[in-house]
Each structure stands twice: as C-alpha cells, then as structure tokens.
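Q: Everything below, folded, please.
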Amino acid sequence: MRLSTALCSSVSAISALALLSACGSGTGTSSSSSQPLIGVDYPRSDTDFWNSYIKYTPGYAGKLGLSLKTTNSQSDVAKLTANAQTFISQGVKGIAMAPQDTAAIAPTLDQLAAKKIPVVTVDTRPDTGKVFMVVRADNRAYGEKACQYLGTKLGGKGKVVMLEGDLSSINGRDRTEAFNDCMKKNFPDIKVFGEATNWDGAVAAQKLQTDLIANPDIKGVYMQSSFALAGTLQVLKQAGLLVDPKDEKHVFVVSNDGIPEELKNIADGKIDATVSQPADLYAQYALHYLRAAIDGKTFQPGPTDHDSTIIQVRDGLLEDQLSAPLVTADGGTYGGVASVRSDDKSLWGNNVG
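A: As a prediction, the model looks like this:
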C-alpha cells in the first residue's frame, strides 16, 4: 500500500520512526522491513524490578516500530543460550538480553556476531565478547552512594551488613567492590559483614538473621537489590528493630532498584534509601540502540541527549550509563551525594501502573 504525502507529514515523531522506511521510499514496504523483528530475552520474572522492565518493553517496541519476540531465561545461562538459538531460527534482526552470568555468555555473543546479529545487553556487561551497546547504570556508583548514606547516618562508626548479589555477575562485583572501597577510604571505623546471597531473598534473610544474633549492635544494612526487601523487613521486625528512624534502635537500610514498594517503605520509615535503577529507561534505550544498530547508526563516547554518558569500557565496547539517583525521604545530601525525595514524580517507581 502507498503512503500518501499528507500522512507522512502528519504523523507524530514517534509514529514517524515506525513509518520511516515507508515514508522515505514513497512506495509500499513489507512488514519485515518497516517493522524489523527483534528478540528480547527477559532474565527473570520473580522480582518487581524485572517485572516492571517486562511491562515497559512491548510499549517501547511499538513506539520504535519494532516487531517483538520474547523469551525468559530465568537466570540460567544455558536457557539464555537456547533462547538465542530460537531467536536466530526466527530470523530476528537484533537481540536484547541481560545475561546474569557475564562470563559464560561469551560463546553465544561470538556466534551472534558471526551472524551479524547486533546485541544490546541490559543491566549487565559481558566480561568478553562483542555487543553493539551496553545499557546500564554505573553500578560502582550504586555501592558508593549506599556507602556514603550509611556512613553518614552512622557517624562513621559501627557495623553494617552488605547483602551481596551474585559475584559471577559484573553488577554484584561492581556494587560489592565499590561499597567496600568507599568504606575503607571514608569510614574506616565501620565494620562491614559481606554476605554472598546469589540474589536469593531467602538466603539473604537467613544470613542477616545470623549476623544480627551474633552482632546485635549492627546499625546498617545494604541490600544490593530489592530481592532482599521482604526478608530483611521480616527479620528486622522479628528482632524488634523495625522502628521509626528517630528511634535509637532503628537500623538504617539502603536498597538498590527503586521499585514502588521501596519508595513506599521509605515514606513509611521502614527503610531509609534506595538507588533508583531505571527499569523504564532500560527498556527504552535497549530497544533504541537495537533500532539504531538495524538502521546502521554508530555511536561514540560522550554525553547523550538523555542525561547519560556513553563510555568506552574496552576496545570496541561502549556502555550508556543511565542516571540512577539516590532516593531518600528528605531529599538531602549525604557525604556529598545529593538525593531526590521518595515522592518525586520523576522516579519511574512512582509512575508504574
């Protein structure tokens, strides 16, 4: 079907992107060329953060003129590898994925590169292998912001528990190393109990409970993801420590993700801060870069037009580091880190649903 000049000139900016091929040529195009087929593998669906990412993805695919196939690898790199083979057989023009094991995904990335299928990784960065773009926030900044907040609140003294993610993931390593480095440098009188949890909420709760029994004077908890939120609150409640922030028994809790439940808990005084990991922007810019790759565009390190910075991680690997603010009840500044209030409407967690 031929698209009229009037139609091409009247579509909105978003619709124009979807119709770009047809309007430019002035002749009919097949659905495969005007709506390139892409594959998106969801890494898991057992957390509010990733469920939010899953909800955002189809909408952004539609806005960008992309046809969508999806799979869920459930944090299993073998399933992710199999899902990639499925995408290849379906003829996708690009793939977005969030490999949780950032080393083991290398052979799959090599295969996709050989087939000239561009890949964008979301939230995680592969240890080796070629991808078109990495879309994530600065995960070292997550650990540093949590450190500055807790160190300030504890007055530079005391004990804190860090509920680590999976250290086979670049995210777990970045957050852990940055938190420890910041504490050693800025708050050497704070003792950190680092607990490996493999992003498992039940494991996190059990280890926190054990630490609190052995060290009842623990005054801070850093959860590297909201996976540990429910268990942490339950453990603190059972120990009689889930009290108002002004109560001397209060244990200061910092999380990472910025899900709606965290924002509500900050407002209610149950936890104290989080770093808002942008689920909406992860979906938007993962697909933005896939569309760009399909259209033959390239990028260079430097500031972007969406309040982020593209950095060169290593030769041939670029990463768009999206903004991830510290969120608190008062929007104050802690150790030089400015925060935004938990009721700020710019936070994606206040706009879900």
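Q: State the phi and psi torsions of residue 125.
A: Residue 125 adopts backbone torsions of phi -120, psi 130, taken as degrees, to the nearest 10.
Q: Please apply the same query to residue 269.
A: The phi and psi values for residue 269, taken as degrees, to the nearest 10, are phi 80, psi 10.
Q: Isn't it up against residue 245?
A: Yes. Taking CB atoms under 8 Å as the definition, residue 269 is a contact partner of residue 245 at 5.1 Å. Any C-beta I mention is one placed from the backbone N, CA and C, and that applies to glycine too.
Q: buried sites along stretch 85-96?
A: Within stretch 85-96, the residues that qualify as buried by neighbour count (16 or more other CB atoms under 10 Å) are 87-88, 92-96.
Q: Repeat that for stretch 179-199.
A: For stretch 179-199, by 16+ other CB under 10 Å, it's 179, 182-183, 186-187, 190, 192-193, 195-199.
Q: export these to a markdown table and tack on distance to residue 141, secondary structure and pLDDT?
A: Shown next, in a markdown table, are the buried residues of stretch 179-199 (distance: CB to CB, whole Å; DSSP: H, G, I helix; E, B strand; the rest coil; pLDDT from 0 to 100):
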| residue | distance to residue 141 | secondary structure | pLDDT |
| --- | --- | --- | --- |
| 179 | 11 | helix | 98 |
| 182 | 10 | helix | 98 |
| 183 | 15 | helix | 98 |
| 186 | 14 | helix | 98 |
| 187 | 17 | coil | 98 |
| 190 | 19 | strand | 98 |
| 192 | 18 | strand | 98 |
| 193 | 22 | strand | 98 |
| 195 | 22 | strand | 97 |
| 196 | 22 | strand | 95 |
| 197 | 21 | coil | 95 |
| 198 | 23 | coil | 92 |
| 199 | 19 | coil | 91 |
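Q: Give the residues shared as contacts by residue 269 and residue 245.
A: Shared contacts of residue 269 and residue 245, defined by CB atoms under 8 Å, 6 or more residues apart in numbering, are found at residue 329.
Q: hey, where'd the strands end up in the stretch 1-150 of the chain?
A: For the stretch 1-150 of the chain, the strands defined by DSSP state E, counting those that start in this stretch occupy 37-42, 67-72, 95-97, 119-122, 133-137.
Q: Could you check the pLDDT of residue 9?
A: Here, the pLDDT recorded for residue 9 equals 36.
Q: returning to that earlier point: make JSON lines from the buried residues of stretch 179-199 and add distance to residue 46 to it.
A: Shown next, in JSON lines, are the buried residues of stretch 179-199 (distance: CB to CB, whole Å):
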{"residue": "179", "distance to residue 46": "24"}
{"residue": "182", "distance to residue 46": "30"}
{"residue": "183", "distance to residue 46": "30"}
{"residue": "186", "distance to residue 46": "35"}
{"residue": "187", "distance to residue 46": "34"}
{"residue": "190", "distance to residue 46": "32"}
{"residue": "192", "distance to residue 46": "27"}
{"residue": "193", "distance to residue 46": "26"}
{"residue": "195", "distance to residue 46": "20"}
{"residue": "196", "distance to residue 46": "19"}
{"residue": "197", "distance to residue 46": "14"}
{"residue": "198", "distance to residue 46": "13"}
{"residue": "199", "distance to residue 46": "10"}
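Q: Would you tell me what helix or strand the closest residue to residue 208 other than its chain neighbours is located in?
A: Here the nearest residue to residue 208 in space, its sequence neighbours aside, is residue 235; by CB to CB, 6 or more residues apart in numbering that works out to 5.1 Å. Following DSSP states H and E, one finds residue 235 within helix 229-238.
Q: highest average neighbour count across the strands of the stretch 1-150 of the chain?
A: strand 95-97 (a mean of 28; mean count of other CB atoms under 10 Å).
Q: pLDDT of that one, averaged?
A: pLDDT averaged over strand 95-97 gives 98.
Q: what sits up against that strand?
A: Counting by CB under 8 Å, 6+ apart, residues outside strand 95-97 touching it are 38-41, 43, 73, 80, 84, 87, 105, 112, 117-122, 286-287, 290.
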